[in-house]
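In: Dropping a prediction and its sequence here:
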Amino acid sequence: MGTPWGYGPKEFTVPGGQQSIVQLRVPHRGEIKAINLKQIDGANAGVFEIFDSHDVAEGVIASSSSSSGSAIDSTDPAVNSVTGPLVITAGAYADNAVNKMYINRDGTSTNPVRRLWMRIDPTGPGQLTYSLSMTIEMGELSS
């Protein structure tokens, strides 16, 4: 069993009706045990997904907004998606049994990147503010 690590609550603001990437400063590897996302200034719907690679998260947005079908060449988003798409209902998402392991794909074993990237696509007008909390279990190093 690893060591629990708490992320947040961290607030961020994104434009409604538009996909955005939010950088999450987390250990470079671990297991997400719980996610709690709450819209502070309303109760809109939407979708979010957490990725282990910045380029893939950006590529998903670029390919979904590209009308020509010539998406950015990156690895398969399904492989780099830590959570898969998750639905925000009535301005909130909560799951205390996520149990999704990840390792950041942008770094190396000698130069790890301590980040994940969340793609969020909220409905509603104007600037929307959210609060995100997660519990991450950091794995034990083997000897």
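Out: Perfect, I can see it now. The model shown is predicted, which means the values in this text are computed figures rather than measured ones. Residues are numbered from 1 along each chain as shown.
In: List the buried residues in the strand or helix carrying residue 132.
Out: Secondary-structure element containing residue 132, defined by DSSP states H and E: strand 127-138. Across strand 127-138, burial judged by 16 or more other CB atoms under 10 Å covers 128, 130, 132, 134, 135, 136, 137. For every residue, glycine as well, the C-beta is placed using N, CA and C.
In: so who does the third one touch?
Out: Okay, so that is residue 132. Counting by CB atoms under 8 Å, 6 or more residues apart in numbering, residue 132 touches 7, 8, 9, 10, 11, 12, 22, 24, 35, 36, 37, 118.
In: Write a PyMOL command that selects only the buried members of the residues you listed.
Out: Typed into PyMOL, the line below selects the buried ones among those, using 16+ other CB under 10 Å:
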select buried, resi 7+12+22+24+35+36+37+118
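In: Please state the offset of the longest helix belonging to the chain from the chain centre?
Out: Scanning the chain for the longest helix, with DSSP state H as the assignment, gives helix 54-65. How far helix 54-65 lies from its chain's middle: 13 Å, per CA atoms, centre = their mean, to the nearest Å.
In: Please point out which parts of that helix sit buried.
Out: Here helix 54-65 shows 54, 55, 56, 57, 58, 59, 60, 61 as buried, counting by 16+ other CB under 10 Å.
In: Out of those, which comes closest to residue 112?
Out: residue 54 (13.8 Å; CB to CB).
In: Near the residue lying closest to that closest one once chain neighbours are set aside, how many other residues are there?
Out: Among residues not flanking residue 54 along the chain, residue 117 sits closest, at 5.2 Å (CB to CB, 6 or more residues apart in numbering). As a burial measure, residue 117 scores 23 neighbours (other CB atoms under 10 Å).
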